[in-house]
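**Q** Provided below are the primary sequence and the corresponding predicted coordinates.
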Amino acid sequence: MKSLEAQRGKYELIIVDNSMGNWNSAASALNWGARDAKGDFLMFVHQDFEFESSDWLSNCERLCGGTVGLGAAGVAGKGEGKEIVSNIKDRWPIPKRVSQTDIKAVTKVQTLDECLIIVPREVFDRFHFDEVTCVSWHLYAVDMSLTLLENGLGVFVLPLPGYHRSNNQSLRSGSYYETIKRVLRKHKGSFAVVHTTCGTWSLRRPLIIQRAKILLLMGLMRYQDRE
Ligand SMILES: [Mn+2]
């Protein structure tokens, strides 16, 4: 909030407070939040994200406005390249760069990370977050990205800094796999692989095997921690 209040650019703040459990998915909560928003660009941003300079919003607006074919933009995403595309840091308590290499320009990706996603109002009016596919708190930006690509729109990462105070525990959550199963099924006809900031999923290999591999790796990592 402090980093938002410091912004010189104009914005309308809509707080979606789910501490009373009003919504059972991020998709439904964010669709509700977007309903009465008045701006040309809707930015959905986690509560644990920090904007690192007071001209962040103005820069963001300029970059979005100058991007032809914009379906959605974010600050972290994944395409076919080896590394995550991002200039932000994450992890807590010690911030760590998400990617080794900084991007200098707006860069195309396949999917965006959920920590921050911007969708132009006119695009959002055509494509809401999918409350049937995204039944949990995960993957709503990934699903939105794939839907936009299927409809001829572009998905981009902006060359902006920031700090997502998160240790990315998504792959430890059972509801992540339930949701990725639905996302993969939905987009099966359009993609052979889905690249996300949490990992790459094949639409051709059984999900249970891909999940087993991750659980095995996480188990090994825990074992190494103990050593
Ligand atoms: Mn977060």
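**A** On my side now, so go ahead.

**Q** Please enumerate the strands of the chain.
**A** Per DSSP state E, the chain carries strands over the ranges 41-45, 49-50, 70-74, 76-78, 85-86, 89-90, 96-97, 107-108, 111-112, 116-120, 154-157, 163-164, 193-196, 199-202.

**Q** so which of those gets nearest residue 180?
**A** For the strands of the chain, the distance to residue 180 is smallest for strand 199-202, at 6.1 Å, taking C-beta to C-beta. Yep, even glycine has a C-beta here, placed from its N, CA and C like the rest.

**Q** Mind listing what's buried along that closest one?
**A** Residues of strand 199-202 classed as buried by neighbour count (16 or more other C-beta atoms under 10 Å): residue 201.

**Q** now swap in stretch 3-17 and tell me
**A** For stretch 3-17, a neighbour-count test (16+ other C-beta under 10 Å) marks 7, 14 as buried.

**Q** Near whichever residue of the chain sits closest to the ion, how many other residues are there?
**A** Nearest to the ion, among the residues of the chain, is residue 46, at 3.5 Å (C-beta to the ion). Neighbour count of residue 46, defined by other C-beta atoms under 10 Å: 14.

**Q** Can you tell me the closest non-neighbouring residue to it?
**A** By the measure of C-beta to C-beta, 6 or more residues apart in numbering, the closest residue to residue 46 outside its immediate chain neighbours is residue 115, 4.9 Å from it.
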